[in-house]
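Chemist: give the three-dimensional model of this entry:
(one chain, ligands or ions: 2)
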Amino acid sequence: MRKFTTLLLVVFTTINMMSQTLYSPDKNFRLDFSLNSVGTPTYSLTYKNQTVVKPSSMGFDLYKAPSLKSGFSITNTEYKTVDETWDPVWGEVKTIRDNHNEMLVTLEQKAEQRSIKIRFRLFDDGLGFRYEFDKQPNLNYFRITDELTQFAMTGDHKTFWIPGDYDSNEYFYTTTKLSEVDASKVDGTGIGTHGYFAKNGVQTPLLMKTDNGFYISLFEAALVDYPAMQILIDQKNLILTSSLVPDAVGTKAFMQTPQTTPWRTIIVSDKASDILASKTILNLNEPSKIKNTDFIHPQKFIGVWWAMHIPNHWSWDYAHAPNIRLKDTDWNALLPQHGAKTENVKRYIDFAAENGFQGVLVEGWNIGWEDWSGNWKEDVFDFVTPYPDFDIKYLNEYAHSKGVKLIMHHETSASVTNYERHIDKAIELMKKYGYDAVKTGYVGWIIPRGEKHDGQWMVNHYIRVAEKMAANSIMLDAHEPVRPTGLHRTYPNWLACEAARGNEFNAWSAGNPPEHETILPFTRLMGGPMDYTPGIFEIKMDYYQKGNPCQVHTTLAKQLALYVTMYSPLQMAADLPENYEKHKDAFQFIKDVAVDWDDTKYLEAEPGDYITIARKAKNSDNWFIGGITDENARTAVIPFNYLDEKTWYIATIYGDAPDADWKANPMVYKIQKVLVNSKSVLKQKLAPGGGVALSLKKATKDEMKDLKKI
Ligand code: NOJ
Ligand code: CA
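Modeler: Numbers count the residues shown, from 1 in each chain. Ligands and ions are numbered 1, 2, ... in the order given. Down below sits the predicted model:
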């Protein structure tokens, strides 16, 4: 008997020291998992036979409880292969393939009589893994004080980063080596809640490029009931470690088994465009929880919005009242420039109807703006009381009579307790007047005071709102939330988020440098669509206020291209209607461009430099192409080999004029029509900070006359 036990022990120890290996379906990726000498879970990852992640440890420190980081033995390993497809309610492609190999490792911590599981999924473009905690006598409630997941890099990679900030993602990107990251040096101008957690702390999604030309994207998927994961860089050893956003009492996560963490993802390719094409984040999210998705419809919209961001124009406030209680209407000074007036909104509805836009966002329609002064005040808005000059009943009826819907605005001022108190009544009001979409906003420090935008409590709040809106057939666009992690698969009514530095910054700050839009799709957009608000035609703020130095950092043509390169099922035509009236020919592209797609081709891309994407409109033969560049002029080389063969298409090219330049001469463009087929290749010059947009439709014989073939 003794002999037998010894034998068993030997086998057991051997299993523990041996690594467990998993390959991706195409065998390009290899994952190795093992326990080190003290029983710490350790993994490494190779791509095309080269190490991408060196042996990296995994685990957790807990509050007043033994840690979950060592003393483990492997008690079970299960393998599984999945190859299936699913159709998103909306998206960049009609059908998504989920093909991965899975390894589920069970680890026992004998001394504590606890176990955890780590589930690995290896796709052809990268890895996802998460921790799973089953319900068990010695692991019921616990608090995570630190997640210790490491990503040990093989070199001092070039990285595109923004500071790790608990409350904001509204930064432009800095490109440095990992060892040179310094979050304290970044310009923190913004909406008032900026602050880095460590000089060597960065936000995810983090994009890196290795010296041998690999692109590595580090992120997470399905962030539910857990704080966002940021990264702390050990700048000597080039080891990245997860750093969770804390809550008001300094804990990272309150856990109750059974529970899982979000997926940690490492997407890798030697082609930058593969990173953009990856569907791994979506595949790691749960299928839609919304049974009837008929109310969900991608759309373009306009809004009483840009007029409040540009200088010298409209205001959100109806009156100025620096110290007043909500519902007290003793306003001391009415503001003639209040934007959301019935007559203004009516004009916007007319414009939307005339030009085929489905939605009109109206901000500043409700009381509260008159005393929102950054005092961390709780009762700022009630979300149900219109200002006296906004006729909510009339305007909704008028909009509906024209086939348009108003989009509700719930700026919460980050007073989330207050929002949750009023949300049912707010939804009731929306239902009463027929709103089916809402834009939420979280500008300011969070209430409950001490919670963070990206902490566990807020992560749960955003999801609660998405669920509540879904239950009421309402679509959602969230500004200033935690950055998305693919949850739009589970809640497809959650059309878009801001969670990055949008176009609005160009109206009132140093703005977004021309490279910004070439980086966002590789970083922030990895988790989901962004409400970037493109389409600004009047580029310089000097137009509204002499001497104002702010400007959009692109050419006009690049603003058009963004409708294709910056994927979102919800796209705003953000400029003032009167500015579109002045450029009806260019505006035609915004009117035509689709917001939902059957197919997408990522034609050329390099983060920080350029992106060119072609997309096929949903249930249509029409294609749209967008190409953008950073501050450098370039020639985009656009193939058409994805078009139907033997068919000519009319391509309308909205390009930069020869003398265009984002700074010196941003508003000059040139529109031409040509014929292309699947063998054509277009060489198109992009100005510094410039771009090109194309719309393609099949040509009839008649239409082909007089057009040049390329
Ligand atoms: C910031 C949002 O990003 C912007 O779109 C909105 O207009 C303001 N907050 C006011 O809510
Ligand atoms: Ca914002």
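
Chemist: tell me the pLDDT at the closest residue to ligand 2 within the stretch 251-400 of the chain?
Modeler: Residue of the stretch 251-400 of the chain nearest ligand 2, by C-beta to the ion: residue 309 (10.1 Å). Quick note: C-beta positions are derived from backbone N, CA and C, even for glycine. As predicted, residue 309 sits at a pLDDT of 98.

Chemist: same check, this time on residue 375
Modeler: 89.

Chemist: in what helix or strand does it lie?
Modeler: Following DSSP states H and E, there is no helix or strand that holds residue 375.

Chemist: do residue 312 as well
Modeler: Residue 312 is part of no helix or strand when elements are defined by DSSP H and E.

Chemist: residues in the stretch 401-550 of the chain within reach of ligand 2, list them.
Modeler: 479, 498 (C-beta under 5 Å from the ion).

Chemist: how about low-confidence regions in the stretch 401-550 of the chain?
Modeler: Of all residues in the stretch 401-550 of the chain, none has pLDDT under 70.

Chemist: the chain too?
Modeler: 1-17, 189-192.

Chemist: how about 90 then?
Modeler: 1-19, 187-194, 320-323, 326-334, 372-375 (pLDDT under 90).

Chemist: what does it put close to ligand 2?
Modeler: Residues of the chain lying near ligand 2 (C-beta under 5 Å from the ion): 479, 498.

Chemist: so what strands line up beside the helix or strand hosting residue 655?
Modeler: Residue 655 belongs to strand 649-656 when assigned by DSSP H and E. As defined by DSSP bridges, the strand partners of strand 649-656 come to strand 669-676 (antiparallel), strand 691-698 (antiparallel).

Chemist: need the winner for burial among those strands.
Modeler: strand 691-698 (a mean of 24; mean count of other C-beta atoms under 10 Å).

Chemist: picking that back up, assign the residue lying closest to the residue of the stretch 251-400 of the chain closest to ligand 2 once chain neighbours are set aside to helix, strand or coil.
Modeler: Spatial nearest neighbour of residue 309, excluding adjacent residues (C-beta to C-beta, 6 or more residues apart in numbering): residue 507 at 4.1 Å. Following DSSP: H, G, I helix; E, B strand; the rest coil, we place residue 507 in the helix state.

Chemist: who's in contact with residue 507?
Modeler: 306, 309, 310, 311, 541, 550, 552 (C-beta atoms under 8 Å, 6 or more residues apart in numbering).

Chemist: distance of it from ligand 1?
Modeler: From residue 507 across to ligand 1, the span is 10 Å (C-beta to the nearest ligand atom, to the nearest Å).

Chemist: got a list of what residue 264 touches?
Modeler: Applying C-beta under 8 Å, 6+ apart, one finds that residue 264 lies in contact with 128, 129, 130, 149, 218, 220, 229, 242.

Chemist: each with direction, which strands does the helix or strand in which it is found pair with?
Modeler: Per DSSP H and E, residue 264 falls inside strand 263-269. Using DSSP bridges, strand 263-269 pairs in its sheet with strand 126-133 (antiparallel), strand 215-221 (antiparallel).

Chemist: buried residues in that strand?
Modeler: For strand 263-269, the neighbour count (16 or more other C-beta atoms under 10 Å) marks 263, 264, 265, 266, 267, 268, 269 as buried.

Chemist: then stretch 569-585?
Modeler: Residues of stretch 569-585 classed as buried: 569, 570, 571, 572, 573, 574, 575, 576, 577, 579, 580, 583 (neighbour count, 16+ other C-beta under 10 Å).

Chemist: name the element the residue lying closest to the last one once chain neighbours are set aside belongs to?
Modeler: Pointing back at residue 583 there. Of all residues not flanking residue 583 in the chain, residue 537 sits nearest, at 5.3 Å (C-beta to C-beta, 6+ apart). Counting by DSSP H and E, there is no helix or strand that carries residue 537.

Chemist: picking that back up, in strands only, show me the buried residues of stretch 569-585.
Modeler: 570, 571, 572 (DSSP state E).

Chemist: of the residues you listed, closest to ligand 1?
Modeler: residue 572 (9.3 Å; C-beta to the nearest ligand atom).

Chemist: partners of the closest one in the sheet?
Modeler: With DSSP bridges as the rule, residue 572 is bridged to residue 301.

Chemist: one more: residue 116?
Modeler: Bridge pairing for residue 116 - DSSP bridges - gives residue 107.

Chemist: spell out, range by range, the helices that occur in the stretch 401-550 of the chain.
Modeler: 416-433, 456-471, 505-508, 516-519 (DSSP state H, counting those that start in this stretch).

Chemist: list the buried residues in stretch 416-433.
Modeler: So for stretch 416-433, counting by 16+ other C-beta under 10 Å, buried means 416, 417, 418, 419, 422, 423, 426, 427, 429, 430, 433.

Chemist: widest-spaced pair of those residues?
Modeler: 417 and 433 (25.6 Å; C-beta to C-beta).

Chemist: could I get stretch 650-664 in PDB with only the CA atoms?
Modeler: Output of stretch 650-664 as PDB, limited to C-alpha atoms (Å, rounded to 0.1, in the frame of the first residue of the first chain):
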ATOM      1  CA  ILE A 650     -19.500  54.100 -59.900                       C
ATOM      2  CA  ALA A 651     -17.000  55.200 -57.300                       C
ATOM      3  CA  THR A 652     -17.600  58.700 -55.900                       C
ATOM      4  CA  ILE A 653     -14.300  59.800 -54.400                       C
ATOM      5  CA  TYR A 654     -14.400  62.500 -51.700                       C
ATOM      6  CA  GLY A 655     -10.700  63.400 -51.500                       C
ATOM      7  CA  ASP A 656      -8.500  66.100 -50.200                       C
ATOM      8  CA  ALA A 657      -7.900  68.900 -52.800                       C
ATOM      9  CA  PRO A 658      -4.200  69.100 -53.900                       C
ATOM     10  CA  ASP A 659      -3.500  72.000 -51.600                       C
ATOM     11  CA  ALA A 660      -5.300  70.600 -48.600                       C
ATOM     12  CA  ASP A 661      -3.600  70.500 -45.200                       C
ATOM     13  CA  TRP A 662      -5.200  70.000 -41.800                       C
ATOM     14  CA  LYS A 663      -3.700  73.100 -40.400                       C
ATOM     15  CA  ALA A 664      -3.100  75.500 -43.300                       C
END
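
Chemist: what does this structure have sitting close to ligand 1?
Modeler: With C-beta under 6 Å from any ligand atom as the criterion, the chain meets ligand 1 at residues 305, 363, 411, 441, 443, 479, 498, 504.

Chemist: test my guess that the fourth one contacts residue 479.
Modeler: Which is residue 441. Yes. The pair residue 441 / residue 479 is scored as a contact, 4.3 Å apart, by C-beta atoms under 8 Å.

Chemist: intersection of neighbour lists for the two?
Modeler: Common neighbours of residue 441 and residue 479 (C-beta under 8 Å, 6+ apart) do not exist.

Chemist: neighbour count: these two, which is higher?
Modeler: Between residue 441 and residue 479, residue 479 has the larger neighbour count (other C-beta atoms under 10 Å), namely 22 against 19.

Chemist: how much space between the more buried one and residue 112?
Modeler: 44 Å (C-beta to C-beta, to the nearest Å).
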